[in-house]
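Student: Structure, please.
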Amino acid sequence: MSVDKVDTRYLETLVGYNARRAALRIIEAFIARMAVFDLRPVDFSVMSLIHHNPGITSRQLCATLGILPPNLVGMIGALEKRGLIQRERHRIDGRAMSLYATPEGTALMQQAEHEASALEVDQTGRLTAAERRTLMRLLQKVYL
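Tutor: Numbers count the residues shown, from 1 in each chain. Okay, the predicted model is just below:
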């Protein structure tokens with residue numbers, strides 16, 4: 001017996017399956033577009049948070065993105081080596097470091113975020129603007 005058309009009806013009733021399929025499609029395009037900035041999806045997320053939250057700590061980044069501290073250490077080091085971020089001793093907690101985007105990091109993120117926004121519109125082109133907002137709100141209800 002062979003299958004002519006794969007039956008995915010059950011899987012299509014699952015939020016996780018649909019969210020993952022949509023995410024895979026968008027991430028594939030995202031990776032390609034962010035390659036010119038030498039940013040992986042996680043690098044983009046870390047840089048965006050630093051860019052929009054000057055002085056954020058590594059602990060806050062880990063909590064927000066669900067990243068383990070040992071995994072973040074290497075990312076922070078690589079971004080700093082590229083001249084995109086700088087570390088400064090935290091004003092209140094002397095053990096912590098505050099992270100800031102450098103002028104180069106700010107310029108890169110302005111371009112990268114513009115490209116990411118364009119990609120989102122491209123990848124969700126079959127949705128109206130209102131549907132896109134509703135989808136975002138509903139997805140956020142699942143994880144926030």
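
Student: distance of the most centrally placed residue in the chain from R89?
Tutor: Nearest to the geometric centre of the chain sits S45, at 3.6 Å (CA atoms, centre = their mean). S45 sits 24 Å away from R89, taking CB to CB, to the nearest Å as the criterion. Every residue, glycine included, has its C-beta placed from N, CA and C.

Student: Moving C-terminal from the lowest-mean-pLDDT helix or strand in the chain, which element do we reach first?
Tutor: When each helix and strand of the chain is scored by mean pLDDT, DSSP states H and E, strand 85-89 comes last, with a mean of 91. Downstream of strand 85-89, the next assigned helix or strand under DSSP states H and E is strand 97-101.

Student: Partner strands of that following strand, with direction?
Tutor: According to DSSP bridges, strand 97-101 forms sheet pairs with strand 56-57 (antiparallel), strand 85-89 (antiparallel).

Student: Pull the residues that contact the least confident helix or strand of the chain.
Tutor: Under the criterion CB atoms under 8 Å, 6 or more residues apart in numbering, residues 47, 50, 55, 76, 79-80, 96-102, 105 lie in contact with strand 85-89.

Student: re earlier: which residues touch the residue nearest to the centre of the chain?
Tutor: Neighbouring residues of S45 by CB under 8 Å, 6+ apart: L65.

Student: Check E113 too.
Tutor: E113 makes contact with 48, 51, according to CB under 8 Å, 6+ apart.

Student: pretty sure A130 belongs to a strand, no?
Tutor: No. Per DSSP: H, G, I helix; E, B strand; the rest coil, A130 lies outside any strand segment and is helix.
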